[in-house]
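Asker: One predicted model, sequence on top.
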Amino acid sequence: MFGRKGKSSNYAYTAARVKAKKAHLLAEDDYSKMLMMTPQEISRYISEAGYTKEMTDLANRESGLNLLEHATYANMANVFGSILLASTGGLYDMVSAYLTKWDNWNLKVVLRGKSYGLDADGIREDLVPAGILGAESLEKLVSLEADDDILAAFGRMTHITFPQDVLAAYKARSNLAEIEDYLDKRYYAHLLEVIRPTDRPSLIFRDYVAKEVDIRNFETILKLKLDGVRGEPVMKYIIPGGKQIDAKLALQLASAETVEEALSEIAQIGFYEDIKDSLDPKAATIREAVMGMRKYEMRQAKKFSHLYPLSVIPVLDYMIHKENEVNNIRAVARGAESGLDRDVVKGLLVI
Amino acid sequence: MAIETEAGLIAIGAGLAVGLAGIGSGLGEKDAAAAAIGAITEDPSVFGRALIFVVLPETIVIFGLVIAIMAFFVL
């Protein structure tokens, strides 16, 4: 009866908690203030804005920008962990499926770290324990030496079975992209499978994920285009399950000669209307397009955030906003550290 | 016999009034209490205000109770 699975979702409890947490997120004014600050002042400012515990905990080991980056990630991991611990039933399934992206992130960090010959401490620095795997499991992955052992251990922990052809392609070329692509595709397939479209809030969540798939695919197409990869070879990197960009349109976009041509091709689909304002009409760049799409995602989340208070929606909305806040803080701090112009940094923020 | 039947029906009516009102307010309180506990977990200073919202649906039982009392003493 009191098990986490096989019982009804506790939307009221979890939604109240995330709404209380959301009230403490940084507002637009806070970012305007932070843009005027030095990195040290930013660290002090966010210490007083909900990151106190993590900043204090890590202050002995880290300093400067490193402290700020690790403290923000640690805070996000703690917050997401508390949401996962609070939720039950179908809500737990959806939240845990959504958070597995951090498990995938951590596996990628471990594999990349090992392939570049980083030591355990170097790898640990980039881990974000915001997924289902706790610090103990991640520590186990870091302690393993061979890639095969890491993949096998990760598979056991997350119940993922890597297909033989993916493993064979990875071993043949020592190219991590094979594993990374498989993880991304599996993540979205699993997430879309877990979100059962039984009610309106779940449909909204599913719709949001499908739009996210579209955006990831379009980003991939643009980035590959910049590297000179076009047409059919792009299709193996396309994640299935998108809302508007199906295989046919993806191929059409992948076959476009230039970035401008690809951007004009998507003029026919929904989200172009929303991102066109952030694009320079004469010389649109990939950075502009990607930032436009990130802002579009955030606007989508804001649009549905007030709907269905007793559902997965407030929880999803908070997780999106929290992740965005962490990315914004890091962007401001990095911008201040490297002496970037304030307007440029402001353009990189998704508010 | 007729008077006994009448008294029995009144008792059943009074029981239903309190019982159904109790079930209704219980259902209402379920989500309110869960949300209040969530809010208090995040910020213990809202305990007093949260408690008021938790007991608000309880007032519905008072209507049921009034009907039950009226059934016994007024009818």
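Answerer: That came in fine, so what should we check first?
Asker: Please give the element, helix or strand, for the spatially closest residue to B:Ile37 that is not a sequence neighbour.
Answerer: The shortest distance from B:Ile37 to any non-neighbouring residue, by CB to CB, 6 or more residues apart in numbering or on different chains, is to A:Tyr13 (6.1 Å). C-beta here means a position set from N, CA and C on the backbone, and glycine is covered the same way. Using DSSP states H and E, A:Tyr13 falls within helix A:11-22.
Asker: Pull out the buried residues from the helix or strand hosting A:Asn78.
Answerer: Using DSSP H and E, A:Asn78 maps to helix A:64-86. Neighbour-count burial for helix A:64-86 flags A:65, A:67-77, A:79-84, A:86 (criterion: 16 or more other CB atoms under 10 Å in any protein chain shown).
Asker: helices or strands up against that helix?
Answerer: Contacts defined by 3 or more CB pairs under 8 Å, 6 or more residues apart in numbering or on different chains; DSSP states H and E place helix A:64-86 against helix A:11-22, helix A:39-47, helix A:52-58, helix A:89-115, helix A:312-337.
Asker: Show me which residues of the helix or strand following the last one are buried.
Answerer: Okay, so that is helix A:312-337. Next in sequence after helix A:312-337, counting helices and strands by DSSP H and E, comes helix A:342-348. Under the neighbour-count criterion of 16+ other CB under 10 Å, helix A:342-348 has A:345-346, A:348 buried.
Asker: from the chain's centre, how far out does helix A:342-348 sit?
Answerer: 21 Å (CA atoms, centre = their mean, to the nearest Å).
Asker: repeat for stretch A:23-36
Answerer: For stretch A:23-36, the distance to the chain centre is 21 Å (CA atoms, centre = their mean).
Asker: Next, the angle from the helix holding A:Tyr13 to helix A:89-115.
Answerer: Here helix A:11-22 runs at an angle of 50 degrees relative to helix A:89-115 (axes from the mean of the first three to the mean of the last three CA atoms, to 10 degrees).
Asker: With just CA atoms, put whichever helix or strand comes after helix A:11-22 into CSV.
Answerer: Later in the chain than helix A:11-22, the nearest helix or strand by DSSP H and E is helix A:28-35. The C-alpha coordinates for helix A:28-35 follow below in CSV (Å, rounded to 0.1, in the frame of the first residue of the first chain):
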residue,chain,number,x,y,z
GLU,A,28,14.2,38.5,-14.7
ASP,A,29,15.3,41.4,-12.5
ASP,A,30,17.9,39.1,-10.8
TYR,A,31,19.5,38.4,-14.1
SER,A,32,19.6,42.1,-14.9
LYS,A,33,21.4,42.7,-11.6
MET,A,34,23.8,39.7,-12.2
LEU,A,35,24.8,41.0,-15.6
